[in-house]
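*Asks:* Everything below, folded, please.
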Amino acid sequence: MFWIVSGEGIVHGLASVVKAKYHLVQNKTDYQIAINNHLSGWERFIVGASNQLHHSVWNGFSFYDLIFPLFIFIAGVSMPFSFKKHLEHQNLTGQKGKKEIYIGLIRRTILLILLGMVVNGDLHFASYADTRFASVLGRIALSLLFAAIIYLNTNFKSRLIWLVGILLGYWAMMTLIAVPGFGRGNLTPEGNLAAWFDRLFLPGKLHRTIYDPEGWLSTIPAVGSALLGVFTGELLNKKGISKNLKALWILLGGLTLVLLGSIWNTVFPINKNMWTSSFVLYAGGWSLILLALFYYVIDVLGFKRWSMPLVWLGCNSILIYMAAHGIIDFKSSAYFIFGGLLHFISSPYHDAFIWSGVAVIQFVLLWYLYKKKIFLKL
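*Replies:* Predicted structure coming up:
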């Protein structure tokens, strides 16, 4: 969340200084020559980080492509904890307990879909054709809803069958079903089955005109991303296994999924826009690796205090996401508060400084909300 609300602005601002200094161009060959011949180690790191904070145009994978599936994965991790806590707190069992959970899930799904439309700017009440119903929050809501239904009604073996079935089934659909005018197995932006399905059945406006990266059909494999989180949450919630061993198993699981995703990539490309099955495994693998790292540092080694700003951020992640995506103009606020200091800062660094000011404002706000125990809960 930090990267998408302010962190990327800081990195891009620093990278723009480096690129201007060396007159770097975006042509890949010239760009790489310039990096190899001129940039220092720190400058290479900044430029490389900036490049990673962009989505892949089509096939491929960048750090920025990991953020969305990581949200879904982590929400899946929380399920074994939150549902167990809910049932114990309500002292409910059997179908009565599930009914209470289902009501909460449906309510959260509807709210997230509506909030996603708010982020899209749909409360401007434009025409139906200009209204985008699909959204990041909408995909999170739907994938978690179906993953929760699977989790609440199956055992471990059945959930594993569901995961494999979803990934293989989506692969089969995308490669074997013929798209009118394009044939079968066409995985181009316009010719793939998910894009055709969006054009035919997704109401309103498509985000990319010929397809929507959060469309209906490509939400199906996102359920698999959530289920990977569920399996991880079950491991973390399991008694009788040491934290060290849990961290090791999570790390090994992550490495295995990265390998499997890379192998699958040879026949079904890693692609966030289509949310391909190989993308689910590859992104899920990196999600596990990152979780293993943070779990080991924070829970096993006990180094916790440094992570408190991330806790403030995580406790109001939906709130800050919505605020940063249209509700509050944090950049204008940063200019208003810190603009006077720009006279003392070299002009190439102005953008990086202002985005640092955005981060300060956001974290002060999040700290205050955390201190007052004010949380946006769905």
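*Asks:* what kind of secondary structure is the residue most central in space within the chain in?
*Replies:* Closest residue to the average C-alpha location of the chain: residue 68 at 1.3 Å, with Cα atoms, centre = their mean. Under the three-state scheme (DSSP: H, G, I helix; E, B strand; the rest coil), residue 68 adopts helix.
*Asks:* Was I right to think it contacts residue 143?
*Replies:* No - with contact defined as Cβ atoms under 8 Å, residue 68 does not reach residue 143; the gap is 10.4 Å. In short, each C-beta sits where N, CA and C put it, glycine included.
*Asks:* Can you give me the distance of the residue nearest to the centre of the chain to residue 225?
*Replies:* 9 Å (Cβ to Cβ, to the nearest Å).
*Asks:* Need the per-residue pLDDT for the residue nearest to the centre of the chain.
*Replies:* If you check residue 68, the pLDDT there is 96.
*Asks:* And it, how far from residue 321?
*Replies:* Separation of residue 68 from residue 321 (Cβ to Cβ): 11 Å.
*Asks:* so what sits against both of the two?
*Replies:* Common contacts of residue 68 and residue 321, defined by Cβ atoms under 8 Å, 6 or more residues apart in numbering, are absent altogether.
*Asks:* what about stretch 206-218, how long is it end to end?
*Replies:* 13 Å (Cα to Cα, to the nearest Å).
*Asks:* quick one: average pLDDT of that stretch?
*Replies:* Mean pLDDT, stretch 206-218: 94.
*Asks:* Show me what that stretch is in contact with.
*Replies:* 132, 134-136, 138-139, 173, 189-190, 192-195, 197-199, 201-202, 272-275.
*Asks:* Stretch 183-195 too?
*Replies:* By Cβ under 8 Å, 6+ apart, the list of residues contacting stretch 183-195 from outside reads 58, 173-179, 181-182, 208, 210-211, 215, 217-218, 269, 271, 273-275.
*Asks:* Over to stretch 333-343?
*Replies:* For stretch 333-343, the external contacting residues (Cβ under 8 Å, 6+ apart) are 350, 353, 354, 355, 357, 358, 360, 361.
*Asks:* hmm, try it at 6 Å
*Replies:* The contact list for stretch 333-343 (Cβ atoms under 6 Å, 6 or more residues apart in numbering) reads 350, 354, 357, 358, 361.
*Asks:* same question, stretch 344-351
*Replies:* Contacts of stretch 344-351 (Cβ under 6 Å, 6+ apart): 13, 17, 342, 353.
*Asks:* so which of these comes closest to residue 238?
*Replies:* Top of the list for closeness to residue 238, among the contacts of stretch 344-351 and by Cβ to Cβ, is residue 13 at 44.0 Å.
*Asks:* Within the helices and strands, which one has that closest one?
*Replies:* helix 8-22 (DSSP states H and E).
*Asks:* Quick check: buried residues in that helix?
*Replies:* 8, 9, 10, 11, 12, 13, 14, 15, 16, 17, 18, 19 (16 or more other Cβ atoms under 10 Å).
*Asks:* okay if I get these as TSV plus distance to residue 121 and pLDDT?
*Replies:* What follows is the buried residues of helix 8-22, written out as TSV (distance: Cβ to Cβ, whole Å; pLDDT from 0 to 100):
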residue	distance to residue 121	pLDDT
8	20	95
9	20	95
10	25	96
11	26	96
12	23	95
13	25	94
14	30	94
15	28	92
16	27	90
17	32	90
18	34	87
19	31	83
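*Asks:* Which one of the residues you listed is nearest to residue 378?
*Replies:* residue 8 (25.2 Å).
*Asks:* Can you give me the separation between that closest one and residue 218?
*Replies:* Applying Cβ to Cβ to residue 8 and residue 218 gives a distance of 24 Å.
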